[in-house]
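Trainee: fold the stuff below for me.
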Amino acid sequence: MATDSDATLRREYARRLMSVVASKNLHGAFPVKDASGASPIVIALGHEKVDAVFTRIVSAGGSANLVIVDSADDVHVFSMVPPMSLGSQELKHDTAIDVHKNITMDFLVMYMKQVSGNGTLRIELPGVNIDARWESGTELAGAL
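Mentor: Below you'll find the predicted structure:
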């Protein structure tokens with residue numbers, strides 16, 4: 001369960017993120033857009049559980065630019081979208097993974113880096129299927 005301090009920290013990271021994006025004109029760092037053209041952003045902390053974060057993504061409309069600030073204060077940006085939205089229909093069967101709802105964002109980042117490099121994985125939770133694309137070398141690395 002998220003604590004008030006987690007929510008406060010996420011708001012602070014969001015404020016800092018928007019400041020960096022505006023000052024460095026990094027709007028293109030967030031490729032996921034909603035129907036109105038806005039870029040929904042979900043901020044997650046490294047110790048947060050995947051279930052809680054995915055609930056926020058679903059609340060944002062099912063797609064979002066997920067910004068994870070891991071336990072080492074490194075920033076990772078994932079495009080989180082419904083299956084097939086990233087042209088992922090070409091994904092091989094072994095790129096679909098079942099993710100336990102209690103793993104942390106830190107673990108997910110570590111796993112994505114080891115397994116996919118730059119690529120897409122289908123993440124499946126009971127009732128939620130999301131394609132996650134991670135690309136190394138994002139302009140936001142170290143920004144916060």
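Trainee: where along this protein do the strands fall?
Mentor: 41-45, 64-69, 75-81, 96-98, 119-125, 128-134 (DSSP state E).
Trainee: how close does the nearest residue to P31 once chain neighbours are set aside get to R16?
Mentor: Using Cβ to Cβ, 6 or more residues apart in numbering and skipping residues adjacent in sequence, the residue nearest P31 is S79, 5.5 Å away. In short, each C-beta sits where N, CA and C put it, glycine included. Remark: distance between S79 and R16 (Cβ to Cβ, to the nearest Å) = 21 Å.
Trainee: among those two, which residue is more densely surrounded?
Mentor: Neighbours per residue (other Cβ atoms under 10 Å) separate S79 from R16, with S79 holding more: 20 against 13.
Trainee: who does that one bridge with?
Mentor: N65, R133 (DSSP bridges).
Trainee: surely it touches I130?
Mentor: No: taking Cβ atoms under 8 Å as the definition, S79 is not a contact partner of I130, at 9.8 Å.
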